[in-house]
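Colleague: build the 3D model from these lines:
(one chain, ligands or ions: 1)
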Amino acid sequence: MTYTLPKLDYAYNALEPFIDAKTMEIHHSKHHQTYIDKLNAALDKHPEFAGKPLEELLKNINSVPEDIRTAVRNHGGGHLNHSIYWKTLGPNCGGEAQGEIAAAISKEFGSFTDFKKKLSETSVNHFGSGWGWLVADSSGKLSVISLPNQDSPLMQGLKPVFGIDVWEHAHYLLRQNRRAEYVEVLWNVINWNEVGEVYASALK
Ligand code: MN
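Modeller: Numbers count the residues shown, from 1 in each chain. Down below sits the predicted model:
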């Protein structure tokens, strides 16, 4: 199987003024495409792994052949992370979580406001490139972590629910080094319906 770039459900300019069209276009059509190209190139060397779900490869990263392990970790992680990112953002979104995930957030963090503060601070304070993550364990219990580079929460036995990409490529064109500003405005474009769907499938 060859991985391909997932189409966005919205236009590149749909998240303005929070995320600009140029950033979206380059992030999706260049950065994400490059992760996919390099993942495909790595799996070409071991076709027996190409048919396995990417989630399985990342979950069992140490069983991936050593000569492609770093490539699968970085570029497979990059493909999966960005696929979640695009899907869980959208225009006319933001606000607070609803339904089952809202209840899980309140249970774990006290309130939506406390959760927002924790995920924002964790993302802003992450040193270097990486992601701030809302993750679920096998019982559905939520937590907030940050991971370097394109590491997937799956590599820690956790399911990704929502991620904030804090690589500079996610904000530099419009906001330069102001990561905290990017993280703050991102809350206006979180599609909580989709995050709820990701959470529901993580529980299965
Ligand atoms: Mn990115």
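
Colleague: can you give me the distance of the residue lying closest to G51 once chain neighbours are set aside to N40?
Modeller: Once flanking residues are discounted, G51 sits nearest to M1: 5.9 Å by Cβ to Cβ, 6 or more residues apart in numbering. Bear in mind the C-beta positions are built from the backbone N, C-alpha and C, glycine included. Distance of M1 to N40, computed by Cβ to Cβ, to the nearest Å: 9 Å.

Colleague: and those two? Which one has more around it.
Modeller: Per other Cβ atoms under 10 Å, whichever of M1 and N40 has more neighbours is N40, with 16 against 11.

Colleague: how about F49, phi and psi?
Modeller: Phi and psi for F49, reported as degrees, to the nearest 10, are phi -100, psi -10.

Colleague: let me see the contact set for the closest residue to it other than its chain neighbours.
Modeller: Spatially, and ignoring its direct neighbours in sequence, F49 is nearest to L43 (5.9 Å; Cβ to Cβ, 6+ apart). Counting by Cβ atoms under 8 Å, 6 or more residues apart in numbering, L43 touches F49, A50, I68, V72.

Colleague: name the element L43 belongs to?
Modeller: Following DSSP states H and E, one finds L43 within helix 33-44.

Colleague: so what's the closest residue to H126 other than its chain neighbours up against?
Modeller: Leaving out its chain neighbours, the residue that sits closest to H126 by Cβ to Cβ, 6+ apart is S146, at 4.0 Å. Residues in contact with S146 (Cβ under 8 Å, 6+ apart) are T122, S123, N125, H126, G130, W131, G132, W133, V166.

Colleague: what about stretch 128-136, distance to the chain center?
Modeller: 7 Å (Cα atoms, centre = their mean, to the nearest Å).

Colleague: do stretch 120-137 as well
Modeller: With Cα atoms, centre = their mean as the basis, stretch 120-137 stands 10 Å off its chain's centre.

Colleague: what's in contact with that stretch?
Modeller: For stretch 120-137, the surrounding residues in contact (Cβ under 8 Å, 6+ apart) are 81, 104, 115, 119, 142-151, 153, 156-168, 179-180, 183-184, 187, 195, 199, 202-203.

Colleague: give me that answer again for 6 Å
Modeller: By Cβ atoms under 6 Å, 6 or more residues apart in numbering, the residues outside stretch 120-137 that reach it are 119, 142-149, 153, 158-167, 179-180, 183, 202.
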